[in-house]
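> Sequence first, predicted model second:
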Amino acid sequence: MATKAPYTLAHLAELTGAELRGPGEFLVHRVVSAGENGADAITFGSNEEYIRKALASDVGAIIVPLQAPDLGRPALACDDPRAAFGKVLALFIRPVPVEIGIHPTAIVQPGAKISKDAAIGAYVVVEDGAKIAARSVVGAFGYVGAGCVIGSDCLLHPRVTLVQDVRVGDRSVFHPGSVIGSDGFGYLWDGERRVKVPQVGGVRIGNDVEIGANTTIDRATMGDTIIHDGVKLDNLVQIAHNCVIGDHSVFAAHVGIAGSAKIGRRVVMGGQAAAADHSVIGDDVTLAGRAGVMKKLKEPGEYFGVPPIPVREAMRQMAFVGKLPDLFARIKALEERVKELEG
Amino acid sequence: MATKAPYTLAHLAELTGAELRGPGEFLVHRVVSAGENGADAITFGSNEEYIRKALASDVGAIIVPLQAPDLGRPALACDDPRAAFGKVLALFIRPVPVEIGIHPTAIVQPGAKISKDAAIGAYVVVEDGAKIAARSVVGAFGYVGAGCVIGSDCLLHPRVTLVQDVRVGDRSVFHPGSVIGSDGFGYLWDGERRVKVPQVGGVRIGNDVEIGANTTIDRATMGDTIIHDGVKLDNLVQIAHNCVIGDHSVFAAHVGIAGSAKIGRRVVMGGQAAAADHSVIGDDVTLAGRAGVMKKLKEPGEYFGVPPIPVREAMRQMAFVGKLPDLFARIKALEERVKELEG
Amino acid sequence: MATKAPYTLAHLAELTGAELRGPGEFLVHRVVSAGENGADAITFGSNEEYIRKALASDVGAIIVPLQAPDLGRPALACDDPRAAFGKVLALFIRPVPVEIGIHPTAIVQPGAKISKDAAIGAYVVVEDGAKIAARSVVGAFGYVGAGCVIGSDCLLHPRVTLVQDVRVGDRSVFHPGSVIGSDGFGYLWDGERRVKVPQVGGVRIGNDVEIGANTTIDRATMGDTIIHDGVKLDNLVQIAHNCVIGDHSVFAAHVGIAGSAKIGRRVVMGGQAAAADHSVIGDDVTLAGRAGVMKKLKEPGEYFGVPPIPVREAMRQMAFVGKLPDLFARIKALEERVKELEG
């Protein structure tokens, strides 16, 4: 756990492995964006533009690339200012306030197994057959349903719901309001009404996964919906039953993945993008916001639209659509000229 | 309530009304998808392709159509293998663990009326004037607001919010995080600011309705927002104030229905599809994902796009849009040829 | 607080400043939409069409414009019937049932400061360093995280989550399931995995803001995500980290605003509309549902599409797209005619 601010510039140099340029005893009380004022703050500038913005403010210290000249202001110089700044930012994280042990208001069923190093917050409910491993934190109002297994060093922010049979690896993070393991959306029409297809599968979530606020992931009909290692889901994302999401894929807010879709590794989907049921997306595909995959998209690359086409081509098509009124006029003129010629 | 697994194949034959082909004493411990291994499991194959997939695995037993030949493996044969498999799946449902009666941590206001056969879970709050009928279950953290009425055999998974004046029929199911009865989104601009139109109506939900995780349904300004019998809403769906959704309609995730829209019976809307405020959709309309109804769409059929056009026509239009660059080139060539002719 | 229904027509005339036309002692028990029956109810008709609808029902009383003729039915006449009806509607609001003071089941950390006039509901958790001002109400299951500050006269419906460092002005309203202050969605790819950019900023929310059910607003990476005075967000809206939303802007359901976007004042965005990261939208821009701003849109006006173009132009383009099959046929014919001429 971090000590508390302020930090000396010398301490930050050591933390980030940066070269100290200026007084080591300079005190950093907070972090600001490049361009924001703050004589007691530090910021970063990874290129000339941002360094100029930072210098135009009264910010106390700046993290810059090694090749940057002396700025006449306290600085840390290093290979990757953005990554170094990330380490400084991490000092200012204030953890979810849950103490190790089980809060007296938590209701833990006798058949649940909770590591003595885990932290179970106020008004948490843990059902029978659930397991929570070492150093994991369950924030207030957490619900850990029957048969759910949480690995070590996980963080459930307040108000997370794991409905049933959700198995989570290590170091995964869940934001408030996320619901994992709700029933898949499956019905059969019997001629008069929809009959529910019972949903008895689970959800398997890997290591280092992060799930956004109010995001939903449905349990499989049978077997598992699978979220592989390193996947990052933004807020309000929907992952339907029996989907498989490959390692390190990242989906922005409002993305919707329909039932049984198979998404590859390192796939990036912009906001509101979607994949139809049973669709397949290959590794290293990047989809712009609002793109929609209807069947299959295997070739790595950047895509736009429904169905998705390479971004450059899509931009060209959109330009042509804008010229349609003009095109119709040109055709009308041509028709008249041809009629004239036909005499 | 189901007995526990394993089940004998003979028991499953009786349950599903299927013909037993193989040893009645064969024990089924679990259910798998066609193609998954599992010597202790059962799957189903409703056509040759799926039967072939199943036979390629070591699955213990298969549910097949009556006309299927002998497979050399334990099987159940019946008219509708999918429906029969649904009955088997249902044996593996593990109910939300709430006991009949009122959990000691539940806060039930004195003016609420709760059937002695209902099950009210941990940390539930039930306000004055609420009523909950026989055999309904309210999972942990449920909120049943003032004037809410829940029929019999309903299931509120953990963390469902019925804000106020929500009346629900029988056998309806609510998934975690769903919010029913929040204020409609109505304001008047007074020249300087938006003034809230008070929202004092309710929500009426029929029988056999299912509401997905984190789905929201707003109360009416006055009168009721109405969700008719058999409607199924997926996760993260929005139903605005004063909408009416007809019997057995089904909306996939992220569908948005704006204020006062009237949706017919058996309407199907794909993911992220939408209907504008005061729009009208007729019975038996099917809308592809991302379709958007702006005003009125009465004729039954399958539609795509904004505004929606018949799917076949839409596919044709999309193909033409893809050919636009070519089209522009052809027109330019024509213009030059005509100029030449006009010479 | 309103007295309880019924109200005399004379009382409603006084409340709304309207001219009483009919018996002042007529009793109004409820409010209905124009066209709905209700001999004990009042409705409003702001134009002839709605007055006609109202008169076709048996509604007991009608609020009409001053210039309306005598209707032969109890009426209130005034300049703005819609606004007057809003005041009548407000009489029928039933407040969230939370009493002044701190509910015995609420867990308030010793470092939190709560006004003695505030109302803290059942199973609320308030962390250290939080402040809640006079007459604000926190409904059941509310979570008010460390460092969160709530001004006076705010209303948090049940199940609202303010994660950390969320500062709210006066008279703002939060609907159930809304999550404010969850981590922004920021990662750096280190060649093998995504490394989280720590999110240590906060959220600043102005006065008279309203936040819909299950809507999410992320904290800034550093500094603040800012929602200015009078902003109204519908359900399931996403506001990403470091966004700024100008005074009195209003976003319908499923709108998504990506990171660091700057939205002007009085901007209106229809359902599912979106703004890309770092995009800029000027004051008084109105975007139709599903519109998407990719970079910049400064000129006030009404827009449609991606990228957004003026509505009239967009409708024209869409019409032309519909005529594309015909266009291709015309070009083919032209080509043949020109070939003939060239022959």
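Alright, I've got the coordinates.
> quick one: residue A:224 and residue B:36, what's the gap?
Per C-beta to C-beta, to the nearest Å, residue A:224 is found 11 Å from residue B:36. In short, each C-beta sits where N, CA and C put it, glycine included.
> So if I had to pick from the two, which one is more boxed in?
Set residue A:224 next to residue B:36 and count neighbours by other C-beta atoms under 10 Å in any protein chain shown: residue A:224 wins out with 19 against 16.
> element containing the residue nearest to the more buried one when sequence neighbours are not counted, please.
Nearest non-adjacent residue to residue A:224, counting by C-beta to C-beta, 6 or more residues apart in numbering or on different chains: residue A:204, 4.4 Å away. Using DSSP states H and E, residue A:204 sits in strand A:202-205.
> Same check on residue A:116?
Going by DSSP H and E, residue A:116 is not part of any helix or strand.
> returning to that earlier point: if I look at the residue nearest to residue A:224, how far off is residue A:164?
Residue A:204 is 13 Å from residue A:164, by C-beta to C-beta.
> just residue A:101 next, same as before
Taken as C-beta to C-beta, the span from residue A:101 to residue A:164 is 25 Å.
> List phi and psi for residue A:330.
When read as degrees, to the nearest 10, the backbone of residue A:330 gives phi -70, psi -40.
> Isn't it up against residue B:335?
Yes. Applying C-beta atoms under 8 Å, one finds residue A:330 in contact with residue B:335, separated by 7.0 Å.
> Contact partners for the residue nearest to residue A:224?
A:166-167, A:224-227 (C-beta atoms under 8 Å, 6 or more residues apart in numbering or on different chains).
> Out of the residues you listed, which is nearest to residue C:50?
Taking C-beta to C-beta as the measure, residue A:225 is the one of the contacts of residue A:204 closest to residue C:50, at 49.6 Å.
> Residue A:101 and residue A:164: who's more crowded?
Each of residue A:101 and residue A:164 has its neighbours counted (other C-beta under 10 Å); residue A:164 has more, 28 against 13.
> And the pLDDT for residue A:114?
Per-residue pLDDT puts residue A:114 at 98.
> Now do the contacts for it.
Contacts of residue A:114 (C-beta under 8 Å, 6+ apart): A:102, A:108, A:120, A:126, A:131-132.
> try 7 Å this time
A:102, A:108, A:120, A:126, A:132 (C-beta atoms under 7 Å, 6 or more residues apart in numbering or on different chains).
> Could you list which of these belong to helices?
Among the contacts of residue A:114, DSSP state H puts none in helices.
> Using CSV, write down the CA coordinates of stretch A:220-239.
Extracted C-alpha coordinates of stretch A:220-239, given in CSV (Å, rounded to 0.1, in the frame of the first residue of the first chain):
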residue,chain,number,x,y,z
ALA,A,220,-24.2,-20.2,-20.9
THR,A,221,-27.2,-22.4,-21.7
MET,A,222,-24.9,-25.2,-20.7
GLY,A,223,-21.1,-25.2,-20.5
ASP,A,224,-19.6,-21.8,-20.0
THR,A,225,-19.6,-18.3,-21.4
ILE,A,226,-15.8,-17.5,-21.4
ILE,A,227,-14.0,-14.3,-20.9
HIS,A,228,-10.3,-15.0,-21.4
ASP,A,229,-7.3,-13.4,-19.6
GLY,A,230,-6.7,-9.7,-19.9
VAL,A,231,-10.1,-8.8,-21.4
LYS,A,232,-11.3,-5.3,-20.6
LEU,A,233,-15.0,-4.4,-20.9
ASP,A,234,-16.2,-0.8,-20.5
ASN,A,235,-19.5,0.2,-18.9
LEU,A,236,-23.0,-1.1,-20.1
VAL,A,237,-21.5,-3.8,-22.3
GLN,A,238,-23.6,-6.9,-23.0
ILE,A,239,-22.0,-10.4,-23.5
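> And it, what's buried?
Applying a neighbour-count criterion of 16 or more other C-beta atoms under 10 Å in any protein chain shown, one finds A:220-239 buried in stretch A:220-239.
> Checking residue A:241 next. Helix, strand or coil?
Classification of residue A:241 using DSSP: H, G, I helix; E, B strand; the rest coil returns coil.
> neighbouring contacts of stretch A:253-263?
For stretch A:253-263, using C-beta under 7 Å, 6+ apart, the contacting residues are A:184, A:234-246, A:249, A:269, A:271-281, B:252-254, B:271-272, C:238, C:240, C:254, C:256.
> Compute the first-to-last residue distance for it.
Across stretch A:253-263, the terminal residues are separated by 17 Å (C-alpha to C-alpha, to the nearest Å).
> For it, list every residue counted as buried.
A:253-263.
> returning to what we had before: from the contacts of residue A:114, which ones fall inside strands?
Members of the contacts of residue A:114 lying in strands (criterion: DSSP state E): A:102, A:108, A:120, A:126, A:132.
> Return the residues of the stretch 51-200 of chain A in contact with chain B.
A:107, A:123, A:125, A:127-128, A:141, A:143, A:146, A:161, A:163-164, A:177, A:179, A:182-183, A:185, A:187-188, A:193-195, A:197-198, A:200 (C-beta under 7 Å from any C-beta of the partner chain).
> Which of these fall within strands?
Reading strands off these with DSSP E, I get A:107, A:125, A:143, A:161, A:179, A:182, A:187-188, A:194-195.
> Narrow these to those that are buried.
A:107, A:125, A:143, A:161, A:179, A:182, A:187, A:194.
> And the pLDDT at the fifth one?
Okay, so that is residue A:179. 98.
> how close does the nearest residue to it once chain neighbours are set aside get to residue B:299?
What sits nearest to residue A:179 in space, not counting adjacent residues and going by C-beta to C-beta, 6+ apart, is residue B:213, at 4.1 Å. Noted for residue B:213: a distance of 33 Å to residue B:299, by C-beta to C-beta.
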